[in-house]
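Undergrad: Need a 3D model of the sequence below.
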Amino acid sequence: MAPYKSTLLSCPAAGCSRMFKNKSGLTKHARTYHSKASRNRQIFHQAAPTFRSPSPEAWPGYDHLDFDGSNPDAEFEVQEDFGGPNPDAEFEIQEGYVPQDGTWVELGPLFRVFHPSLTGLKCDAEGDLIDQNAPPPPRTDALQDDWTPYESRIAFETADFLFSRNQTSAKQIDTLLDLWAASLIKHDDAPPFTDHRDLYNTIDATPLGNVPWETFSMSYTGAKPLHDIPPWMDVTYDVWFRDPCLLLHDMLGNPDFNGEMEYVPYRDYTAGDKRCFKNLFSGDWAWRQADIIAQNEANDGSTFVPLIIGSDKTTVSVATGHTEYHPLYMSIGNIFNNTRRAHRNGVVLVGFLAIPKTTKEHAGDTDYRNFRRQMFHCSLTKIFDAIKPYMDTPDVARFPDGHFCRVIYGLGPYIADYPEQVLLSGVVQGWCPKCLADRRDLDSDEPCLRRCEKHRELLVEELEYGKLWEEYGIVGDLVPFMNDYPRADIHDLISPDILHQIIKGTFKDHLVDWVESYLKITHGTSYATQIMDDIDNKQVYLPTISGHVPDDIVRTFSTFLDFCYIVRCDMLTEDNLLQLQNALDQFHRLCSSIIESKHIKAVKEPWRCSSRFKALGQMLLTNQRLDKLAAARVDFQARGMLKGSCLSEALHMLQNPGETVDGPAVEAHVDLAATPRCRCDVRTLSEELELPNFPQLIQEFIHDQAHAADPDPPVFDPLSAPLFLGKVAVFNSAAASFYAPSDLSSVGGMQHEYIRALPCWHGGAPQYDCVFVDMDTDTDVMNGLAIARVLCFFSFSHRTSFFQCAVVRWFSHVLDARDPDTGMYVVAPATLEDDTPDISIIHIDCIFRAAHLIPLYGSNFLPRAVTSHDSYDVFRSYFVNKYADHHTFEIA
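TA: Here you go, the predicted model:
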């Protein structure tokens, strides 16, 4: 790919035809002739919404959170007559449906329609409806200073740190407690625990999170041969599990999820009458389930709670015997997606399924394979039997806000990799578990029917076993466990495992191997190896293959990445779904994540803490202790007992005994580091930055700030503008906080990152990060954002004003649109008319977040002497990496 050449920049203001050679000229022109109030904080620095689940609580008469529709300051406006988008448009399931008055709200730019029957009404502990404005009953009679069974906050924090966060071994716990005790002897005091046994016993005595482990055994009961009985036929297999009903009660009642949980299925519409999809309850499946449940009028006012289930074998040790476990996990569809991704008890370990094993001699036996399949399904049926009665008749459970609701459970998406999907659905390996496409022609353009439970049962009843296997890919003598549960069709509910099927399967095992094969065929093994080494040296895959492979291969990768990033957006619209389909179609023309993260906490880390001998029992105990500590932390947090740190609380009690102070509300913003690197005068900093015109840049910055609100500001004149030559404080970094729910973030969806500008990073090379800057323009190019590289963060006071600033070097767009192959914008360092770098000073409020640029490498090999530290200095143009994370994908 040839390097791009910079082009003229046009003014994006409507009706203005001015053109500029660089970003500096455009910025000055915009400030002078098109000045308007900065929208940076309102548009980009938005704090996480404080109330994002207006389910029944936003309806008149269904006041789940004491919402008053008459309050003019309320976030949601209750509508008396439905005047929004047509809910019947383009959706069969809405045919003839007219929403009732008061069952929809205006939610910012969206209109939200609620299900009319499953409305999540409050009830008492017996299931009888109560006044919907009544306060919730108290969760506990414990006092605010009751740390039972821990003697104090220090004791709880110590137990939580040593066992949960640091996973300290028993021997090291004893050593630490001995040292602690030795330091306290002279004060006639002692640590909160005497040894590790005392600590473990205290955790075990925690009354919360106490869902005990149960077990049942299974064995082969069929006919056995008279001689040479296969070993697997005589083995008894143990399955360990916890009552899913009790686990569900713990999840539903977790006060950590208050404001992070849905009560009623809903549909969101834009003003243009298009659907928006966000959490599970905004989709058609949840609405259809509610329609079926509502056919029984006794269920009116209940809350639908769909179970999200996942299972996947995992190996904890290969070198010492290939030790495998088969954990089973569960979540609920009511929790917001970003909350579940934050893993704050949003996914729980239900059990460990048995893994039958045999010798290689018998591994291919039909009886053995059938036994493995049937034991898997029978185990799942046995485990979830406890919730089956409450799939038709309401259960009563406490919710995060403290109120009780009647609950109808249902089986929801089952997340699994492909081998587990065919096992779950009773489909032959190599066939699709979702549709009836022939396994020998999966790429056919011919339409094919979707699999469903009723069709499967009909085929099994009418056809012979061999024909089922060969023509339909059905294991005829297996009954999927979901057949025993209402409203559950395994073919509908199977959900792909993102890690194994998308990231590893498609990207690594298919696309990357495809590139390597192409290079070897085209260039021979020796030269192809050199190219692949160069690709590895450049570190970022997509831009580095450009120039080594045809453009269509580059576009294939770009299309695949677009698909992956679109599908992970926090909210999807109908237009996004069309983009997904287009990306998928283009991908074919051109050429689970919850489970794996939970494996580490629930299986691998407890296994490492075990003695390795009969480890499962130790792992169960470790998981139970972790649950107890997590439940205790939630309880103490809900009672306001964990504000600040142990040290800050102790100091506060010494200074203000008996007084509590609420912490400040978190607001999204950019802050300079707490401590400056140095303080110096303007001329000294000018010399350090090698910017002789630095005093004039500050002078121009002060002038612009003084006239920021002026609709007709005067032109900057260095002879008359105020001059500042005083002291400035120089900082190495700033911290940006922003709302990024599509990425792994806090429960509220907030993301926090550092932006650095320092001459020496840990004794090595300098680090000057790039940032997105809000230019406050109405252009569609990168949402009006510009790219700049931060050379310095500093602050200073001038007269009565205090300024927090950044010295930045601007980049300019070299194309009016995205690069056609990679789908990314291309920028180049901007220069002034005299070919000097375009540098200016901006307020840190203009900075949105960090940006990542990737050089346009071209087809030449990268010299080994060039490192990542040099990349922003030695190349002429750069891609703006929209794949840095999901939030960047949404804005760039």
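Undergrad: tell me the contacts of Val515?
TA: Counting by Cβ atoms under 8 Å, 6 or more residues apart in numbering, Val515 touches 545, 549, 553. Using the backbone N, CA and C atoms, a C-beta is placed for each residue, glycine as well.
Undergrad: right, and the first one touches Thr556 too?
TA: No - assessed by Cβ atoms under 8 Å, Ile545 is found out of contact with Thr556, at 10.3 Å.
Undergrad: what about the two, which has more around it?
TA: Neighbour count, other Cβ atoms under 10 Å: between Ile545 and Thr556, Ile545 has more, with 25 against 21.
Undergrad: Leu629 sits in which helix or strand?
TA: helix 615-638 (DSSP states H and E).
Undergrad: same check, this time on Tyr857
TA: Here Tyr857 is assigned to no helix or strand, by DSSP H and E.
Undergrad: Over to Glu157?
TA: helix 153-159.
Undergrad: Tell me the helices and strands packed up against the helix holding Leu629.
TA: Packing contacts for helix 615-638, counted by 3 or more Cβ pairs under 8 Å, 6 or more residues apart in numbering; DSSP states H and E, involve helix 153-159, helix 196-204, strand 323-332, strand 348-353, helix 605-609.
Undergrad: looking at the ones you listed, which one has the lowest mean pLDDT?
TA: Mean pLDDT is lowest for helix 605-609 among the helices and strands packed on helix 615-638, at a mean of 67.
Undergrad: My guess is Ser379 contacts Ile355. True?
TA: No - Ser379 lies out of contact with Ile355 (Cβ under 8 Å); the separation is 10.9 Å.
Undergrad: more crowded one of the two?
TA: Per other Cβ under 10 Å, whichever of Ser379 and Ile355 has more neighbours is Ser379, with 23 against 13.
Undergrad: Please enumerate the helices of the stretch 401-550 of the chain.
TA: 418-425, 453-462, 465-467, 490-493, 513-538, 541-545 (DSSP state H, counting those that start in this stretch).
Undergrad: Ok, which of the ones you listed comes nearest His762?
TA: Distance to His762, taken as Cβ to Cβ, is lowest for helix 513-538 among the helices of the stretch 401-550 of the chain, at 22.3 Å.
Undergrad: average pLDDT across that closest one?
TA: Averaging pLDDT along helix 513-538 yields 81.
Undergrad: What of stretch 811-831?
TA: Mean pLDDT, computed over stretch 811-831, is 89.
Undergrad: that older thread, want to throw the helices of the stretch 401-550 of the chain into TSV with distance to Gly749?
TA: As requested, the helices of the stretch 401-550 of the chain are exported to TSV (distance: least, Cβ to Cβ, whole Å):
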stretch	distance to Gly749
helix 418-425	31
helix 453-462	37
helix 465-467	51
helix 490-493	27
helix 513-538	33
helix 541-545	27
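Undergrad: Figure out which of those is closest to Pro695.
TA: Per Cβ to Cβ, nearest to Pro695 of these: helix 541-545, 39.3 Å.
Undergrad: Distance from the closest one to the middle of the chain?
TA: Distance, stretch centre to chain centre, for helix 541-545: 26 Å (Cα atoms, centre = their mean, to the nearest Å).
Undergrad: Could you write out the alpha-carbon coordinates of that helix in CSV?
TA: Output of helix 541-545 as CSV, limited to C-alpha atoms (Å, rounded to 0.1, in the frame of the first residue of the first chain):
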residue,chain,number,x,y,z
TYR,A,541,-2.1,-8.2,12.7
LEU,A,542,-4.6,-6.4,10.3
PRO,A,543,-2.4,-3.5,9.1
THR,A,544,0.7,-5.6,8.9
ILE,A,545,-0.6,-8.1,6.4
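Undergrad: After that helix, heading C-terminal, what element do we hit next?
TA: Next element after helix 541-545 (DSSP H and E): helix 551-567.
Undergrad: which residues are in contact with that following helix?
TA: Contacts for helix 551-567 (Cβ under 8 Å, 6+ apart): 502-503, 506-507, 511, 514-515, 518, 541-542, 545-546, 572, 576, 579-580, 583-584, 586-587, 590-591, 820-824, 882-883, 886, 889.
Undergrad: List the buried residues in it.
TA: Burial within helix 551-567, assessed by neighbour count using 16 or more other Cβ atoms under 10 Å, is assigned to 553-567.
Undergrad: Nearest to Val305 among the residues you listed?
TA: Val567 (24.9 Å).
Undergrad: hang on, Glu214 in a strand?
TA: Yes - Glu214 sits within a strand when classified using DSSP: H, G, I helix; E, B strand; the rest coil.
Undergrad: Give me the distance between it and Ala205.
TA: Shown here: Glu214 relative to Ala205, a distance of 21 Å by Cβ to Cβ, to the nearest Å.
Undergrad: Kindly report the same for Tyr527.
TA: 67 Å.
Undergrad: same deal with Arg275?
TA: Distance, Arg275 to Ala205, by Cβ to Cβ: 50 Å.
Undergrad: who's more crowded, those two?
TA: Using other Cβ under 10 Å, the more surrounded residue of Arg275 and Ala205 is Arg275, with 22 against 12.
Undergrad: show me the residues around the more buried one that make contact.
TA: Taking Cβ under 8 Å, 6+ apart, we find Arg275 in contact with 91, 267-269, 573-574.
Undergrad: if we go to 6 Å?
TA: Glu574 (Cβ atoms under 6 Å, 6 or more residues apart in numbering).
Undergrad: where's Thr675 relative to Ala729, distance?
TA: Separation of Thr675 from Ala729 (Cβ to Cβ): 9 Å.
Undergrad: swap in Ala298?
TA: For Ala298 relative to Ala729 (Cβ to Cβ), the value is 68 Å.
Undergrad: Who has more neighbours out of those two?
TA: Using other Cβ under 10 Å, the more surrounded residue of Ala298 and Ala729 is Ala729, with 18 against 10.
Undergrad: Report pLDDT for the more buried one.
TA: So, for Ala729, pLDDT stands at 94.
Undergrad: Counting neighbours, which bits of the host helix or strand of it end up buried?
TA: Using DSSP H and E, Ala729 falls within strand 727-731. Residues 728-731 are the ones in strand 727-731 that count as buried (16+ other Cβ under 10 Å).
Undergrad: With stretch 230-247 instead?
TA: So stretch 230-247, judged by 16+ other Cβ under 10 Å, has buried residues 230, 232-233, 237, 239-245, 247.
Undergrad: What of stretch 471-483?
TA: Buried residues in stretch 471-483, defined by neighbour count with 16+ other Cβ under 10 Å: 472-476, 478-482.
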